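Asks: no sequence on this one, just coordinates:
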């Protein structure tokens, strides 16, 4: 079982991606005590998390030094139709807070002795250390022997430890989106479902690639304009300061020299002003050149990202086609 968690910048979850009929929507978010329920989703034909009347797992948000408080209710059936690692699943469950350096003792991250059978519940109070690094983590079930099946069914969600913008202030102006991608075994699905998976993956890949490209380009443009405005203000202040100081020096010198000396001072002052203007023009020209280089680098990087995404999509399509071929071959052997 593989789970890949991405953060690109309003939070959305694919749960799972083939079941989505629309572009990914925002999941609920929790910051205080809440109740999470393990339940069976008849539509998806698998176990899942339920929260606030929905089967979309919430995103847990917490600050370093904060506490995650939740009640975990096991409403899974007492009898399971699914096969786990060594036998038919018993539908026991618990929670693991992946990546957080928290206590392994109950009521925190105890995955060995803390267990809820169907009809039971667990109360968690997880203390997040004050030194925890801001960023993206995730929570999932962890009963040994059954966690792989439960996680594949969709029993996992994201945790965000807040404060990353303190280290990367440029993120404050970006939208936040958390995407959870889960593997799904489609070996026994019909051809219509497999084709739907392929179409959904293609649409989602194109949509998020376009959105990420637009946001990155907007951020680069904004940063470039801010830098140009700051430099222009600094140059203007330097020119104004030089002019005031030059006028003061000129007035002082004119009080002690004759007309010829005053003319020489005026010429020297004019030469200095012209030199300063030329230096300003050189600075602005250098800035324009640097901006051009930055735009070229950005365009090149975006082209590389687009090429990488296209290559990845081709690999996924090839894997899907190979899987379809193997399924068809297996069906032909069975039918013969």
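Replies: Yep, that arrived. Note that the coordinates shown come from a computational prediction; the quantities given were computed from them, not determined experimentally. Numbering: from 1, shown residues only.
Asks: Quick one: low-confidence residue ranges for the chain.
Replies: Residue ranges of the chain with pLDDT under 70: 1-23, 183-189, 250, 253-262, 265, 330-331, 333-336.
Asks: Tell me which stretches of it form helices.
Replies: Counting by DSSP state H, the chain has helices at residues 147-153, 191-254, 259-335.
Asks: domain parsing for the protein?
Replies: 3-185, 214-335 (automatic domain parsing).
Asks: rewinding a little: from the helices of the chain, which stretch is densest packed?
Replies: Comparing the helices of the chain by mean neighbour count (mean count of other CB atoms under 10 Å), helix 147-153 comes out on top with a mean of 21. In this view, the C-beta of every residue, glycine as well, is placed from N, C-alpha and C.
Asks: Who are the packing partners of it?
Replies: strand 46-50, strand 135-141 (3 or more CB pairs under 8 Å, 6 or more residues apart in numbering; DSSP states H and E).
Asks: at 10 Å instead, please
Replies: strand 34-41, strand 46-50, strand 135-141, strand 178-182 (3 or more CB pairs under 10 Å, 6 or more residues apart in numbering; DSSP states H and E).
Asks: neighbouring strands for the third one, and are they parallel or not?
Replies: What it means is strand 135-141. Strand pairing for strand 135-141, using DSSP bridges, gives strand 95-98 (antiparallel), strand 156-161 (antiparallel).
Asks: Same question for the longest one.
Replies: Looking at strand 34-41 with DSSP bridges, its paired strands and their directions are strand 46-50 (antiparallel), strand 67-74 (parallel).
Asks: what does stretch 281-294 rub up against?
Replies: Residues from elsewhere that reach stretch 281-294 (CB atoms under 10 Å, 6 or more residues apart in numbering): 220, 223-225, 227-228, 231-232, 234-235, 238.
Asks: So what's the gap between that stretch and the chain middle?
Replies: Distance, stretch centre to chain centre, for stretch 281-294: 32 Å (CA atoms, centre = their mean, to the nearest Å).
Asks: what's the spacing between the closest residue to residue 246 other than its chain neighbours and residue 277?
Replies: Nearest residue to residue 246, sequence neighbours excluded (CB to CB, 6 or more residues apart in numbering): residue 269, at 5.5 Å. Residue 269 is 13 Å from residue 277, where distance means CB to CB, to the nearest Å.
Asks: Residue 153 now?
Replies: 70 Å.
Asks: how near is residue 89 to residue 142?
Replies: For residue 89 relative to residue 142 (CB to CB), the value is 14 Å.
Asks: Please disregard the earlier target; I meant residue 26.
Replies: Counting by CB to CB, the gap from residue 26 to residue 142 is 27 Å.
Asks: Of these two, give the one with the bigger neighbour count.
Replies: Ranked by neighbour count (other CB atoms under 10 Å), residue 26 and residue 142 place residue 142 first, with 22 against 13.
Asks: Which residues are in contact with that one?
Replies: Residue 142 neighbours (CB under 10 Å, 6+ apart): 93-98, 109-112, 114-115, 150-151, 155.
Asks: And residue 153, by the same measure?
Replies: 16, 38, 40-41, 44-49, 82, 89, 141, 182, 184.
Asks: Recalculate using a threshold of 6 Å.
Replies: Neighbour list for residue 153: 46-47 [criterion: CB atoms under 6 Å, 6 or more residues apart in numbering].
Asks: Near residue 164, how many other residues are there?
Replies: For residue 164, the neighbour count with other CB under 10 Å is 17.
Asks: Hmm, it is touching residue 132, no?
Replies: No - at 11.4 Å, residue 164 does not count as touching residue 132 under the criterion of CB atoms under 6 Å.
Asks: quick revisit: which of the helices of the chain sits closest to residue 72?
Replies: helix 147-153 (12.5 Å; CB to CB).
Asks: Go ahead and confirm residue 66 touches residue 127.
Replies: No - assessed by CB under 6 Å, residue 66 is found out of contact with residue 127, at 8.2 Å.
Asks: which of these two has more neighbours?
Replies: Each of residue 66 and residue 127 has its neighbours counted (other CB under 10 Å); residue 66 has more, 18 against 15.
Asks: What distance do you get for the closest residue to that one other than its chain neighbours to residue 138?
Replies: Nearest residue to residue 66, sequence neighbours excluded (CB to CB, 6+ apart): residue 128, at 5.3 Å. Using CB to CB, residue 128 is found at 14 Å from residue 138.
Asks: now swap in residue 318 and tell me
Replies: In terms of CB to CB, residue 318 sits 29 Å off from residue 138.
Asks: same thing with residue 80?
Replies: According to CB to CB, residue 80 and residue 138 sit 24 Å apart.
Asks: who has more neighbours, the two?
Replies: Per other CB under 10 Å, whichever of residue 80 and residue 138 has more neighbours is residue 138, with 22 against 17.
Asks: could the domains of the chain be laid out in JSON lines, adding distance to residue 197?
Replies: As requested, these are exported to JSON lines (distance: least, CB to CB, whole Å):
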{"stretch": "domain 3-185", "distance to residue 197": "4"}
{"stretch": "domain 214-335", "distance to residue 197": "7"}
